[in-house]
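Novice: pasting the sequence and the predicted coordinates here, then a few questions.
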Amino acid sequence: MSSELFNRLEQKVASAVEALELLKMEAEELREENSRLKQEREEWERRLTALLGKFDEVETETATER
């Protein structure tokens, strides 16, 4: 194998390794963001459930007063 071909192969391998490292970092960032968004969604669901419960209480109180 000529030196030029070997150098080109080394460059391609180095580029591939660099691309993989960048993809790993991006995947980790996306996992962290996904986790944060899941927590945020759970908090919204909890708050919404509490509000719906209050509406149910008011509706029940109003129905029993009639």
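Specialist: Okay, I see it. These numbers come from a predicted model, not from an experiment.
Novice: any idea which element L48 lies in?
Specialist: Using DSSP states H and E, L48 sits within helix 3-65.
Novice: now do the residue most central in space within the chain against E26, distance only.
Specialist: Centroid-nearest residue in the chain, with Cα atoms, centre = their mean: N34, separated by 1.3 Å. From N34 across to E26, the span is 12 Å (Cβ to Cβ, to the nearest Å). For the C-beta atoms, the positions are set from N, CA and C on the backbone; glycine is no exception.
Novice: and for A14?
Specialist: According to Cβ to Cβ, A14 stands 19 Å off from E26.
Novice: what about this protein, any weak spots by pLDDT?
Specialist: Across the chain, residues meeting the criterion (pLDDT under 70) sit at 1, 66.
Novice: same thing but at 80, please
Specialist: Confidence mapping of the chain against pLDDT under 80 gives the ranges 1, 61, 63, 65-66.
Novice: what's near enough to touch the residue nearest to the centre of the chain?
Specialist: Residues counted as contacts of N34 (Cβ atoms under 8 Å, 6 or more residues apart in numbering): none.
Novice: any idea how far it is from E61?
Specialist: Using Cβ to Cβ, N34 is found at 41 Å from E61.
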